[in-house]
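Visitor: Make a model of this:
(2 chains)
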Amino acid sequence: MATTHSTNSQNNRLASGGLLIDRSQTLNFFFANKHFQGFAGDSIASALAASGQWLISRSFKYHRPRGVLTMAGQDANSLVQLPSDPNVLADKTALVQGMNVDGQNYSGSLEKDLGRHIEKVGGFMPVGFYYKAFYKPKGAWEKWAPLIRKKAGLGVLDENFKPGYYDKAYRFYDLVVVGAGPAGMTAAIQAAEQGAKVLLVDENPVLGGSLSYDRIDAQGSNAQALRLAMIADIEAHENIEVKLDALCNGYFADNWLPIIQGARMYKVRAKELIMAVGSLEQQAVFHNNDLPGVMMSSAIARLIRLYGVRPGKRAVVVTGNDHGYAVALEMLDAGIEVAAIAELRDAPIQSDIVQELASRGVAIYNNHAVYAAKASSDKKHLAGVELRKQIGRGKCADSGEFIDCDLLCMAIGYTPTYQLVCQAGGQLSYDDETALFTLQKLPKALQIAGSVNGNWSTDAVCGDGYRSAVLACNRLAQDNDHISAIAEPAPLADDSAASPNYSWPIFPHPKGKEFVDFDEDLQIADIVNATRDGYEHIQLVKRYSTCGMGPSQGRHSALATARIVAEATGRSVAQTGVTTARPPFAPERLGHLAGRSFYPERFTSMHQRHLDAGAQMMQAGAWYRPAYYGTTNQRDACINAEVDNVRNNVGLVDVSTLGGIEIRGPDAAELMNRIYTFGFLKQPIGRARYALMTNEAGVVIDDGVSCRFHDQLFYVTATTGGVDRVYQSMLKWNAQWCLDVDIANVTSAWCAVNIAGPKAREVLQKVCSDVDLSSEAFPYMGVREGHVGGVEARLIRVGFVGELGFEIHVPQHCGEALWDALIEAGVEQGIKPFGIEAQRVLRLEKGHIIIGQDTDAMSTPQEVQMGWAVSTKKPFFVGQRVIKELNSLGQLRALVGFVVDDLNAPIPLESHLIIEDDQMTGRITSCNYSPTLGKPVGMAYVQLHKAEAGSEIAIRSTGGVMVNAKVVALPFYDPQTQRQAL
Amino acid sequence: MKQINCPLNGLRNISEFIYGGEYHPMPDPQKCDTREWVEHVFFHDNIAGEVCEWWCHSATSYWFMARRNTITDEIIETFPASKIFNKRVEFIADAGES
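Guide: Numbers count the residues shown, from 1 in each chain, chains lettered A, B, ... in the order given. The predicted structure follows:
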């Protein structure tokens, strides 16, 4: 790439300090085509700041220059473009040698963005602009959308994306502590002491949370000492596992946490969970509060302590809490001039820190606000601020004092990091006294500790961590022997006096540009106008104004928005609330979500034989079944030949996927009698019966063949896709009936073939010597046990395909032996395997229905001409009562057979409609060309007046072509059913 | 992911379970009127509050019952169906058997 060779000398790097950086390792990188240097451990933003590059991006709507705001990944200001990665957080992303970083959302160059002029017409783009401007005339949006979409959006996708490796891991802990600040570290140590297995998670690269950059005492040394002591304890404790650079990105029910670390997502289950997730600093709202150089106090502390970067030369602090003074001391110690402190309160609360600052001669302006910030001549940085005396809530005196500065430190308060807690069901409310959001109504096994729980002094924060750990462990100790319980600590003292929140740091300006949400360039008036346009509910304000919908999801804007909406609508902040926080907390990569999926595949034990025979396999649920045998370009010819061979010789089909359920015990017949519609109490041993199943609503849901091998043993088949449901249904019913039976799903214990065709007996006889296969001894719908090819087998004489046929069921591992024995025995008779497609044609010619294809969620037995399979004499079966009621109401439709005599017409397909007088009156359920009949045959639901054989129906077939068909009696083939009884 | 404490298998992820609908006692099919039967089959109480439901652990096909609060989605307790169904249910024939 073309680059400008100018070495930026890290002239903002402090002489010492920087917890995260390694000054011995210099890294070279490029930003907006300019060469920069930083150190290992820098973030992109800290390295840019070290060389005085404060302008990082252009804002979404007005293309205003934006720079570092939070240094914690909580704003969209720091979104940058990497070659293969858009919308990267510059303040959270580690610098890498040779990195090519670019700004986003500009035309021309980042420094001289042509899009910046859009701000001049900003007045013509009020809140709800798109809704209002493009609503009319009709079609306007379609015209404008492509242009607007090109203008909108941030980063650019790399279309040469290379797949990466991502995976998942599953972990289980007694306690998970999210957040390794003082509260989280204390909690982890205490829980480990009580014996709990603890996971301590933090999104930062080091342990310590605020202790790594905060100043908690006047000298500025206590935080680091406390941090190091705690880290030593944690590292020494074998019960604590630490995950750093690891983001807990959501909360799901029962403490189920997605924790993302690098290319891995850990799915973690915690028996107990402590969220010590801290709080998010909020900005003051005033004119030009978005200028680069205006930063959160915590961002300044982070730059100095974590990266050894001087955030400016001359600073002003606007504060309503102690933190402002602590950071002022930090700045002084770093050699930054602190020109003034604008104290929003009447006076600071005296503390060691405040006194130390006062002793250094910094001017403190009590009851003063920053009314406006002024930009430098190039508009790209802060040049000064105007301090004005406050004369009321959000109101300032008419004039004030202008102070030159290149850095403004905002310390006006925090919101608890409520997102994960609210996802867990916690409720946010607002305490007017402390001006703080508070979190309540936490679910079981979840606690919050530290500043997220409204504790601010280090003692209170650590005390809260300790207490929550004890409570968690004491609960765990009830069921976990390795965890000990100890005396419960007293509730914490009220820490509300230490609240860092100033109640109203919001100062409207006649010229606006007091930004509430930096992501979306929303100003006070936008929020107020949204409420005036009628969108008063906070959720509507969000959707109408887009406030909180940007990349930082309201993390720096939620508090100010709630306050402004509350005031504009005359409600309390508590009543106004915040918008719902949903997972994920931060953007996550598709790779983290995608991972690997597992699709189970089931092969029958004869699978290899089908492949060897050249079968085209198809999926039926999880099963693979042969569709037909032969090449795809000969499909129809193959299927027709298979049909012919069954009709004229003998064919063999693998029916292993059929479900099989065994019912054993004294009440076996009674259970069958209640589950299926037919009568089964008097089913003779050695006989099969058709078994039709309805649900409680009287709808046909499954069918099979019931085989009675013993007084107390039934073997009943079920459809391939239905067997699991049938089995579960039987178990559920018997959980209520308490019949003395065992019910077992033996589907995978057996495999089966159907040998069918006029020569089936001839072939079978050769390999089955211990069963008399003669028609007299083994009639149609008989069942026998014997051996086939030396394998013990259950034989069932069925006629699904309408020919003499035997279903042979053998133990699963004998499938290939059975297949081979029959194929070998049938050589002389011309045995050929046939597939599902041929079977579908054969059964259709015979008028046999397939449940789920020829039935739907409304099909009653009567509608599908199965009234004969419903016993009217037994006291109960599932569905009986509703079937009786429906039958008394009269039938509305019928499943009938039809033939199409016009061989040139497009063959109707499943779900094609039957049309009568321009009305849809029915639909096709099955239709196929019948090689046996020489024309298309099918089944369809028709209205009753069309159900009589001979009725004419009109079908709207492929391409809208109307096809005439004639209703005929079923079956199409062998109406006397002589062939299967041979 | 939510967890359910299966009386047979212990605490398992809810993805291992199948919802089996509300439990309510079946009226006597021989004696109840049509309205009562139709309401039993087609109408569900669907109340906001505490309900008793059927659940099935799919891997073991084990049916059990749970009391659940439909507002909070809290599963209050799970127990074997035998706690409610503990004797053989009979249906009395009124005519000959086929």
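Visitor: Could I get the full set of helices for chain B?
Guide: Assigned by DSSP state H, the helices in chain B fall at B:34-42.
Visitor: Tell me the residues on chain B that lie near chain A, please.
Guide: For chain B, the residues in contact with chain A (CB under 8 Å from any CB of the partner chain) are B:1-3, B:14, B:18, B:20, B:26, B:29-30, B:34, B:37-38, B:41-42, B:54, B:56, B:58, B:61-63, B:72-73, B:81-82, B:85-89, B:91-98. The way it works is simple: take the backbone N, C-alpha and C, and place the C-beta from them, glycine included.
Visitor: Which entries within the residues you listed meet the buried criterion?
Guide: Neighbour counting by 16 or more other CB atoms under 10 Å in any protein chain shown classes B:3, B:14, B:18, B:20, B:29, B:37, B:41, B:54, B:56, B:61-63, B:81, B:85, B:91 among the residues of chain B next to chain A as buried.
Visitor: From the contact counts, what lies against the helix or strand of chain B with the lowest mean pLDDT?
Guide: When each helix and strand of chain B is scored by mean pLDDT, DSSP states H and E, helix B:34-42 comes last, with a mean of 93. In this structure, helix B:34-42 packs against helix A:880-889, with contacts taken as 3 or more CB pairs under 8 Å, 6 or more residues apart in numbering or on different chains; DSSP states H and E.
Visitor: Show me which positions of the helix it packs on end up buried.
Guide: Going by neighbour count (16+ other CB under 10 Å), the buried part of helix A:880-889 is A:880-883, A:886-887.
Visitor: That helix near chain B at all?
Guide: Yes - residues of helix A:880-889 contacting chain B under CB under 8 Å from any CB: A:880-882, A:885.
Visitor: Tell me which of the buried ones among the residues of chain B next to chain A fall in strands.
Guide: The strands, defined by DSSP state E, take in B:3, B:18, B:20, B:54, B:56, B:62-63 from these.
Visitor: Please identify which of those residues is nearest to A:A838.
Guide: Distance to A:A838, by CB to CB, is smallest for B:I18 among these, at 35.3 Å.
Visitor: How much space separates that closest one from A:A620?
Guide: Separation of B:I18 from A:A620 (CB to CB, to the nearest Å) stands at 21 Å.
Visitor: Please apply the same query to A:V338.
Guide: On the measure of CB to CB, A:V338 and A:A620 end up 76 Å apart.
Visitor: between the two, who's got more neighbours?
Guide: Remark: of A:V338 and A:A620, A:V338 carries more neighbours, 24 against 14, as counted by other CB atoms under 10 Å in any protein chain shown.
Visitor: quick one: secondary structure of the more buried one?
Guide: Here A:V338 is recorded as strand under DSSP: H, G, I helix; E, B strand; the rest coil.
Visitor: re the thing from before, can you redo the ones in strands among the buried ones among the residues of chain B next to chain A as CSV with pLDDT and distance to A:S572?
Guide: Shown next, in CSV, are those (pLDDT from 0 to 100; distance: CB to CB, whole Å):
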residue, pLDDT, distance to A:S572
B:Q3, 95, 38
B:I18, 96, 45
B:G20, 95, 45
B:W54, 97, 45
B:C56, 97, 47
B:Y62, 96, 51
B:W63, 98, 49
